[in-house]
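> Generate a structure from the sequence data that follows.
(2 chains)
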Amino acid sequence: MAIEAVPLALDHPARGPGVLRRLLGNISGAAGLLLIVLFLIVALMGAAGLTPFPSDRQFPVDRLKPPDGQYLMGTDLFGRDVASRVMSGAANSLRVGLVSVALSGFIGTALGVIAGFVGGWVDNAIMRVMDVLFAFPALLLALVVVTVLGPGLNNATLAIAVVYTPIFARVARGPVLSVKEMEFVLAARCLGQRPPVVLLTHVLPNTLAPLIVQVSLALSWALLTEAALSFLGLGTQPPAASWGVMLSESRGIAERAPWLMIYPGIAIMLGVLGFNLLGDGLRDVLDPRMRR
Amino acid sequence: MLRYLTQRLIAFIPTLIGISILVFGAIRLIPGDIITATLGTEAGMLTTAQREALERYYGLDKPPLEQYFIWMGEAVQGNLGHSVRHGRPVLELIIERFPLTLELAVLAVLIALSVGIPFGLISALRHNTWIDFAGRLFALIGLAVPNFLLGTLIIYALSVFFGVLPTAGNYVGFTEDPARNLGQMIFPAITLGFAFAASVMRMTRSSMLEVLGEDYVRTARSKGLRERAVIARHSLRNALIPVVTLVGIEMGYLLGGTFIVEQIFALPGIGRLLINAISQREYALVQGTVLFIALNFVVINLLVDLVYALIDPRISYGD
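Model (predicted):
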């Protein structure tokens, strides 16, 4: 292999004004950021009710209308405006994504950092439980959670959080193991700082880079899984708007009304693409060791 | 190698126990008790005597730990309970449905490898040309199109342009009529394998690029080997090692994907069995199916680790 400088994560702390600039200079990062900003605008407008029509208002006279000046993306079987539903679906996806990733990111990171920092039986106990969760295919684990809690938006959110917790735990634990052996951590401890303080002020900040990358990928996965669960009828329940529900509802009538399938489909694709690209870009910028 | 194998098999046991506890425990966590959950509103019509009889029948009158051991003891002997709606033992249903799911997953892997590896290879060899960019664009899109979207699109395209519906509940097994079976399975397999092909392509490309920069490739070239030999014998073989790992990692994704693909294409596989069992609240069936799939998943991962040990000469696992 060509000899390549391998900078430590320490040389690239995951903060500072340079990160955004470097991200914008990276093709994936810039494209991802653009798509995500677009998604956020649409989702926030959807959440605030700034849609062309109320997303659940039915116009029976205008059922299955193709896209035109009045209904930009056409109407569905009940005469509801597809554009408004796509926007409100974006809000739904954003909510599920943010809540599930916040939950799993917080709990998973805490578990991983504690396991790595404390070591010994604590590490063993935490990581063995995580291993068991890992032993399930992701969607299967999500389905188990939905079976227990019942179908619905909030339970789907929890299911996604449960699946992603062990991933955050693993991603957080790795860097902690190497950082805690470094001299500045030793120095801090010698100076008499208590372990929790050392953990929060010296160890955690140096594990942020891979975690930030993981957040972006987790959001992409959350978006996909919410749509998949809703598509299977186990996530967001109709009449609430969700991209997965919309796609599922388009089945059987897509031959007559392809716009019912095309627009939510494009929305899912761009959303996932955005978070994937952003994740790739962040990885290039923040964590050169993980670059492929 | 033998020692590594034994170590892995020993480490395998706690995982299995953990899985069984989770699968068993999850059902106990369902709000309310299992009888009410199964019967729904009809549970209110049960007399106390009937309810107690049912509790005795399901073993709910015993302490949880004892219930677990009874359940485990029966499961080890192949008794995963009885499906009320199907009127048959759970294991029998699983064994009947599993070949389809397995076939779907195997076909998807074959499609993914036979598309992903050549495209990844070409992309790496024509690094930074338009071919490379086209390949990477395809990979990016492939990863962003979820299987339920692709499946819906494929069914739409088939019915609008060719006027056919892939399956309408008349599934034919491979052993009955291989040609018809493959005809029915090809589109579901493409749906399932598409995103996987994209990640195989990405992995092949990046690992090939890395290997092409290695010293031993330069050595092979400088001793005058033909480029074809350098690529095939010295580079590609090593570049494919991470691809094997990827197959292992993505197996979980593939198994999860089969649930959705079977649902879209109305294929009677194990995934469809599970989804229906969940919405019909057939808990014994859910429990059995989940346990079975999780078991398969860990066994597959174990096998991938072993294959990995066999093909990578650098890993010796202390003999």
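> Only C-alpha atoms from now on, for both contacts and neighbour counts.
Noted.
> residues of whichever strand or helix holds residue B:132 that come out buried?
Applying DSSP states H and E as the criterion places residue B:132 in helix B:130-144. Buried positions in helix B:130-144, judged by neighbour count with 16 or more other Cα atoms under 10 Å in any protein chain shown: B:131-132, B:135-136, B:138-144.
> contacts for that helix?
Contacts to helix B:130-144, defined as Cα atoms under 8 Å, 6 or more residues apart in numbering or on different chains, come from residues A:269-270, A:272-273, A:276, B:119-120, B:122-124, B:126, B:194-199, B:201-202.
> swap the cut-off to 10 Å and go again
Identification of contacts with helix B:130-144 by Cα atoms under 10 Å, 6 or more residues apart in numbering or on different chains yields A:220, A:224, A:266, A:268-277, B:116, B:119-129, B:150, B:193-202, B:205.
> Likewise for stretch A:175-187?
Contacts for stretch A:175-187 (Cα under 10 Å, 6+ apart): A:9-10, A:112-119, A:189-193, A:195, A:198-199, A:201-211.
> correct me, but residue B:244 touches residue B:308?
Yes - judged on Cα atoms under 10 Å, residue B:244 makes contact with residue B:308 at a distance of 6.9 Å.
> average model confidence for stretch B:4-14?
The average of the pLDDT scores along stretch B:4-14 is 79.
> Is it in proximity to chain A?
Yes - for stretch B:4-14, a contact with chain A is found by Cα under 10 Å from any Cα of the partner chain, at residue B:14.
> quick one: buried residues of stretch B:50-64?
B:51, B:55, B:59-60.
> Tell me which of the residues you listed fall in strands.
Among these, DSSP state E puts none in strands.
> Assign a three-state SS to residue A:50, would you?
coil (DSSP: H, G, I helix; E, B strand; the rest coil).
> Give the burial count for residue A:194, as a bare number.
11 (other Cα atoms under 10 Å in any protein chain shown).
> Quick check, pLDDT for it.
So, for residue A:194, pLDDT stands at 86.
> what sits against it?
Residue A:194 touches residue A:188, counting by Cα under 10 Å, 6+ apart.
> show me where the stretch 101-250 of chain B has helices.
B:130-144, B:147-161, B:178-212, B:215-222, B:227-229, B:237-239, B:241-264 (DSSP state H, counting those that start in this stretch).
> can you list the ones you listed in CSV and add distance to residue B:22 and mean pLDDT?
Listed next are the helices of the stretch 101-250 of chain B as CSV, based on distance: least, Cα to Cα, whole Å; pLDDT from 0 to 100:
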stretch, distance to residue B:22, mean pLDDT
helix B:130-144, 31, 89
helix B:147-161, 28, 88
helix B:178-212, 28, 90
helix B:215-222, 48, 83
helix B:227-229, 51, 80
helix B:237-239, 38, 82
helix B:241-264, 18, 85
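> a markdown table for the ones you listed, including distance to residue A:246?
Putting the helices of the stretch 101-250 of chain B into a markdown table (distance: least, Cα to Cα, whole Å) gives the following:
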| stretch | distance to residue A:246 |
| --- | --- |
| helix B:130-144 | 18 |
| helix B:147-161 | 11 |
| helix B:178-212 | 19 |
| helix B:215-222 | 52 |
| helix B:227-229 | 50 |
| helix B:237-239 | 42 |
| helix B:241-264 | 14 |
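> about what we covered before: buried subset of the contacts of stretch A:175-187, written for PyMOL?
Only the buried entries of the contacts of stretch A:175-187 go into this PyMOL selection, using 16+ other Cα under 10 Å:
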select buried, chain A and resi 9+112+113+114+115+116+117+198+199+202+203+204+206+207+208+209+210+211
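> quick one on the thing from earlier: give me the subset of the buried residues of stretch B:50-64 lying in helices.
Using DSSP state H, the subset of the buried residues of stretch B:50-64 located in helices is B:51, B:55.
> Buried residues, whichever helix in chain A runs longest. List them.
Ordering each helix of chain A by length in residues (DSSP H) puts helix A:82-118 first. Judged by neighbour count (16+ other Cα under 10 Å), helix A:82-118 contains these buried residues: A:82-105, A:107-117.
> Near chain B, which residues of the stretch 151-292 of chain A are found?
So the stretch 151-292 of chain A meets chain B at A:151, A:220, A:224-225, A:227-229, A:231-234, A:244, A:247-248, A:250-256, A:258, A:261-262, A:264-266, A:268-277, A:291-292 (Cα under 10 Å from any Cα).
> Contacts only, for the nearest residue to residue B:55 once chain neighbours are set aside.
Counting by Cα to Cα, 6 or more residues apart in numbering or on different chains, residue B:55 lies nearest to residue B:61, which is 5.8 Å off, once chain neighbours are set aside. Residue B:61 sits next to B:52-55, B:67 when contact means Cα under 10 Å, 6+ apart.
> Out of the helices of the stretch 101-250 of chain B, the one nearest residue A:56 is which?
Proximity to residue A:56, assessed across those by Cα to Cα, is greatest for helix B:147-161 (23.0 Å).
> Wait, residue A:67 touches residue A:262, no?
No - using Cα under 10 Å, residue A:67 is not in contact with residue A:262; the gap is 11.4 Å.
> what residues do these two have in common as contacts?
residue A:73.
> Next one: the closest residue to residue B:180 other than its chain neighbours, what pLDDT does it get?
Of all residues not flanking residue B:180 in the chain, residue B:172 sits nearest, at 6.9 Å (Cα to Cα, 6+ apart). pLDDT, residue B:172: 79.
> who are the neighbours in contact with residue B:172?
Contacts of residue B:172 by Cα under 10 Å, 6+ apart are B:100, B:178-185, B:267.
> Any of these buried? List them.
B:100, B:181-182, B:184-185, B:267.
> My guess is residue B:121 contacts residue B:211. True?
No - using Cα under 10 Å, residue B:121 is not in contact with residue B:211; the gap is 11.5 Å.
> anything in contact with each of these two?
With Cα under 10 Å, 6+ apart, residue B:121 and residue B:211 have common neighbours B:205, B:231, B:236, B:239.
> Was I right to think the second one contacts residue B:208?
This points to residue B:231. Yes - assessed by Cα under 10 Å, residue B:231 is found in contact with residue B:208 at 9.3 Å.
> Have a look at those two and say which one is more surrounded.
Comparing residue B:231 with residue B:208 by other Cα under 10 Å, the one with more neighbours is residue B:208, at 25 against 21.
> Now do the same for residue B:281: helix, strand or coil?
Using three-state DSSP, the structure places residue B:281 in coil.
> and the nearest residue to it once chain neighbours are set aside, what does it touch?
Excluding its sequence neighbours, the residue lying closest to residue B:281 (Cα to Cα, 6+ apart) is residue B:38, at 5.9 Å. For residue B:38, the contact set (Cα under 10 Å, 6+ apart) comprises B:84, B:280-283.
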